[in-house]
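> requesting a structural model of the entry that follows:
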Amino acid sequence: MSKIVAITSGKGGTGKSSICSELGFSLAKQGLRTLIIELDFGLRCLDIMLGVKDNVKYDLGHVLRGECDITKATTNVEIARNLFIVCAPEDPFAKVDAETIKNICSEMRKYYEYIIVDTSAGTNASVFDVVEQSDLILINTTPDPVCIRDARTMSDEFYKRGNQKQRLIINKVNPELFQADLVGDLDEVIDTVGVQLIGVIPDDDAVKIATSKGEPLPSSSLAFKAFDAISKRIQGEDVPLSFKVMLK
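From the prediction side, this is the model:
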């Protein structure tokens, strides 16, 4: 049975799409057939991050308009044999409901071991409706007070809906942020959001370069090691944090 992993954040700019692409690469590299479904309508970017911007013939918009089925809108990521993507519509006004996404995921479970859903950012009702049907929710924040508060708002709403399947990713971690007294340490971030930690990702220029070029992260980078560890924890492996900073 495949696993649906939703990656979401309360605020834009936290690196949610980068996390989707790099976790997709990590899972595919481990031999797992992985599909990314991008739902950030009008702000499509994963085709660039995954190096397929010239290969996408059909996207989710074509599916919603009845112009093709979901399998035809699926694009293989050439540089990662087991990785596939359904890109978001370029139309920012395209509409989709949670039931449609649920049906799409149900259909694609037959073909993939992991389905990563890249939600739009924000705390609107459609995001909650789409995300809560997932097997695992990864809430993404940075060590910034505004992002932390927004992540807490999201996690509180999921808990109100009875959803305990949440884990926290703290992204773009730079030790200098803690020296500036923006937040005490990573434990404070975890306690404030109220969600169990699954991974810490450093603020690594290698991520910016890789996603801009549509290439995998170099295996020597700190970020690669962080994504590799998170992907293994998603599979249930007991893997220690690969990147530790300011944890008590």
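> buried residues in stretch 76-87?
Residues of stretch 76-87 classed as buried by neighbour count (16 or more other CB atoms under 10 Å): Val77, Ala80, Asn82, Leu83, Phe84, Ile85, Val86, Cys87. C-beta coordinates here come from the backbone N, C-alpha and C atoms, glycine included.
> do the same with stretch 194-208
Neighbour counts using 16+ other CB under 10 Å place Val195, Leu197, Ile198, Gly199, Val200, Ile201, Pro202, Asp203, Asp204, Val207 of stretch 194-208 among the buried residues.
> now the helices for the chain?
For the chain, the helices defined by DSSP state H occupy 16-29, 46-49, 60-64, 98-108, 125-131, 145-160, 175-179, 186-193, 205-213, 222-234.
> could you dump the ones you listed into CSV and include mean pLDDT?
CSV is the format used below for the helices of the chain (pLDDT from 0 to 100):
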stretch, mean pLDDT
helix 16-29, 95
helix 46-49, 95
helix 60-64, 92
helix 98-108, 89
helix 125-131, 68
helix 145-160, 91
helix 175-179, 73
helix 186-193, 92
helix 205-213, 94
helix 222-234, 95
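> so which of these is the most surrounded?
helix 16-29 (a mean of 25; mean count of other CB atoms under 10 Å).
> mind saving the C-alpha coords of that helix as CSV?
Extracted in CSV, the C-alpha atoms of helix 16-29 (Å, rounded to 0.1, in the frame of the first residue of the first chain):
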residue,chain,number,x,y,z
LYS,A,16,8.1,23.9,0.9
SER,A,17,8.6,23.2,-2.8
SER,A,18,12.3,22.6,-2.4
ILE,A,19,11.5,20.1,0.3
CYS,A,20,9.1,18.3,-2.0
SER,A,21,11.6,18.1,-4.8
GLU,A,22,14.5,17.0,-2.7
LEU,A,23,12.5,14.4,-0.7
GLY,A,24,11.2,13.1,-4.0
PHE,A,25,14.8,12.7,-5.2
SER,A,26,15.8,11.0,-2.0
LEU,A,27,13.0,8.5,-2.1
ALA,A,28,13.5,7.8,-5.8
LYS,A,29,17.2,7.3,-5.2
